[in-house]
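Engineer: sequence and predicted structure, then a few things I'm wondering about:
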Amino acid sequence: MGEYGKVTQATKSAAKLLVECLEAQGTDRIFTVPGESFLAVLDALHGQSAIETVICRQEGGAAFMACADGAMSAAGDALRPGIAFVTRGPGATNASIGVHVAMQDSQPMILFVGDVARPMRDREGFQEINFEAFFGPIAKWTARIDDPNRVAEYVSRAYSIAVNGRPGPVVLALPEDMLCDEVAENLTPRPATVRTPQAVCPDAMQALFGMIANAASPIAIIGGAGWNTKARLGFQQFAERIGLPVATAFRRQDAIDPTSPVYAGNLGYGPNPKLIDRVKNADLVLAVGARLGEATTDGYEVLTLEHPDQTLIHVHPDPNEIGRVYRTDMGLSCSVDEFAEAASLWEDATIIPFDAGADAHREWEEWATYSPSDAPPALDMAACVTAMRSVLPEDSIICNGAGNFAGWWHRYWRYSGYPSQLAPTAGAMGYGVPASIAAALRYPDRTVVAVAGDGDFLMNGQELATAEQYGVNLLVLVVDNGAYGTIRMHQEREYPARVSGTQLSNPDFAMLGASFGGWSATANTTDEFVEALDEAKGRSGLRLIHMKIDVEQLAASGATVNGLRAR
């Protein structure tokens, strides 16, 4: 009872309602670097057991973990966004790299940003940023919750936008005073968001199969927005039934089982030249889920924008993507898993199975199989990846950031499980270690490997402290050539022998790994790597192998410094 006998309504904080909304949406883990701007949320998380709070060491790392966590949800029953909480100003700008990756990679995530109090807005207060303007160009939706009574509405909308259509990032700003406002105790979360079905048009499917039946040399390019286990299985069944060669888009190599007799390899940087010829010579290209971005198409050259003498069928959940860049002969806006299932069940007697699928698969196996050279380098990267395949489980999850070092895994590793490849199509350095921590937390029974270059590793290597704090099982491989190797390769191509701005002076990465509490070793030769890998396999927890290679060994394609200079 209140003053003069009036009934006092029970209340709770807006922050508590926010946490209830996260739980109602099925969130079981968030990644954060704490800030005073959302202390009320941290307090609301205290004492509850439904949501695990993972404390990170830099906001970029926290955002990358959320990216990866959202991407991995595609293997489950429902696509769910990864969740990160950061503070205003420096925290938000650090985390923006994860928002950019989530957008370009079509990964569902929500970034909650603690913001200045409402009375302080538009005064350029302490660490103030206009988040709608800042994140607007790189997020699907950016908003600010000023009214505590609308928390459930905004959170529900954020989850819906993040997972529907082309998945992507949402940013919600949380004024710190709003989080402390009281709302009615009986104000409850909205029900969990369910992804809206995007069915396939039967008439369009009939026309599509007719176009395939009339093709002489078709090829499919798959992986991307909304790809999941259902899409993987369904599309593989469809492609194998008609002998359709299947290439994966850049860093989407787990979109199909590599043992499939129609798998043709991956597009992107350093692909099989025979696959490039096959795409260029195809008379029909079926793109499913892929945006056909710059990396996948090598600067829009492998498949040209107008693609004369080629028919392009583009299947994508976002209608705005179809015809946006490429002239499209036929577009289907639908969920890629719905399309894949429909294609696997569709019967069309007019299609005579193609021999091209088996031919393309043989070409890929030849390209992706290690063949020792007469004078191999002391530490032969191709041999090391091949050795990993004989020691580690087939469904191991390989996580990497950006750099030429990743090309050896893209070429020689087999991404057999799903998910088994966490790698940014946006080409962001520093992604591998945080992503691997998210993977190790999400799949504690699977082998998780973080692969990083020396420059790449030091952008988020501090997250090894997070790995150790949460006791994850994680193998980290640091490929050290004392250079920003990818840029050095381009530099040698454009300005031979004029090395500038690409040399690196590195720490002893093995000692650094040990300082975080992990087991570590250094490998200067292939044999030393194999020995270290064998010992690491028998251990648990954090393990790091420092792989020291010569900068001469620039790329999996065989590019070398001397070779580029000789051109």
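Structural biologist: Perfect, thanks for sending it.

Engineer: and stretch 450-470, which residues are buried?
Structural biologist: Judged by neighbour count (16 or more other CB atoms under 10 Å), stretch 450-470 contains these buried residues: 450-461, 463-469. From N, CA and C alone the C-beta is placed, and that goes for glycine too.

Engineer: ok, residues contacting stretch 226-237?
Structural biologist: By CB atoms under 8 Å, 6 or more residues apart in numbering, the residues outside stretch 226-237 that reach it are 74-75, 79, 106, 166-167, 220, 222, 246, 252, 254-257, 260, 262, 288-289, 317, 335-337, 339-341, 343-344, 418.

Engineer: let's see 6 Å
Structural biologist: For stretch 226-237, the external contacting residues (CB atoms under 6 Å, 6 or more residues apart in numbering) are 74-75, 255-256, 260, 289, 317, 335-337, 340-341, 344, 418.

Engineer: that older thread, which of the buried residues of stretch 450-470 fall in helices?
Structural biologist: Taking DSSP state H, the ones among these that sit in helices are 454-460, 464-469.

Engineer: from residue 565, how far out is residue 416?
Structural biologist: From residue 416 across to residue 565, the span is 38 Å (CB to CB, to the nearest Å).

Engineer: which of these two has more neighbours?
Structural biologist: Just comparing residue 416 and residue 565: by other CB atoms under 10 Å the higher neighbour count belongs to residue 416, 16 against 11.

Engineer: what is the end-to-end distance of stretch 553-567?
Structural biologist: Using CA to CA, to the nearest Å, one end of stretch 553-567 lies 16 Å from the other.

Engineer: flag the shaky bits of the stretch 1-150 of the chain, pLDDT-wise.
Structural biologist: The stretch 1-150 of the chain contains residues with pLDDT under 70 at 1-7.

Engineer: now the strands for it?
Structural biologist: With strands called from DSSP state E, counting those that start in this stretch, the stretch 1-150 of the chain shows them at 11-13, 29-32, 52-55, 82-86, 109-115, 141-144.

Engineer: who does the third one pair up with?
Structural biologist: Going back to what we said before, that points to strand 52-55. Strand pairing for strand 52-55, using DSSP bridges, gives strand 29-32 (parallel).

Engineer: please apply the same query to the shortest one.
Structural biologist: Sheet neighbours of strand 11-13, with direction, are listed as strand 182-184 (antiparallel) (DSSP bridges).

Engineer: identify each buried residue in the partner strand, please.
Structural biologist: Quick answer for strand 182-184 (16+ other CB under 10 Å): residue 183.

Engineer: other residues contacting the helix or strand following that strand?
Structural biologist: Downstream of strand 182-184, the next assigned helix or strand under DSSP states H and E is helix 202-213. Helix 202-213 has contacts (CB under 6 Å, 6+ apart) with 218, 313, 332, 342, 348, 350, 351.

Engineer: so how far is residue 17 from the last one?
Structural biologist: Read that as residue 351. As judged by CB to CB, residue 351 and residue 17 stand 55 Å apart.

Engineer: more neighbours: which of those two?
Structural biologist: residue 17 (25 against 19).

Engineer: just the contacts of stretch 226-237: which are in helices?
Structural biologist: Members of these lying in helices (criterion: DSSP H): 336, 337, 340, 341, 344.

Engineer: closest to residue 371 out of those residues?
Structural biologist: For the ones in helices among the contacts of stretch 226-237, the residue nearest residue 371 by CB to CB is residue 340; the value is 34.6 Å.

Engineer: just give the nearest non-adjacent residue to the closest one, would you?
Structural biologist: When the adjacent residues along the chain are set aside, residue 340 lies closest to residue 234, with 3.3 Å between them (CB to CB, 6 or more residues apart in numbering).

Engineer: for that neighbour, helix, strand, or coil?
Structural biologist: Secondary structure, DSSP: H, G, I helix; E, B strand; the rest coil: residue 234 is helix.

Engineer: number of residues surrounding it?
Structural biologist: Using other CB under 10 Å, residue 234 is surrounded by 21 other residues.

Engineer: against residue 260, how distant is it?
Structural biologist: 13 Å.

Engineer: now stretch 72-88, how far from the centre of its chain.
Structural biologist: 12 Å (CA atoms, centre = their mean, to the nearest Å).

Engineer: which outside residues touch that stretch?
Structural biologist: 26-27, 30-33, 35, 37, 59, 62-63, 66-67, 69-70, 92, 95, 108-115, 127, 162-163, 195, 228-229, 418-419, 442.
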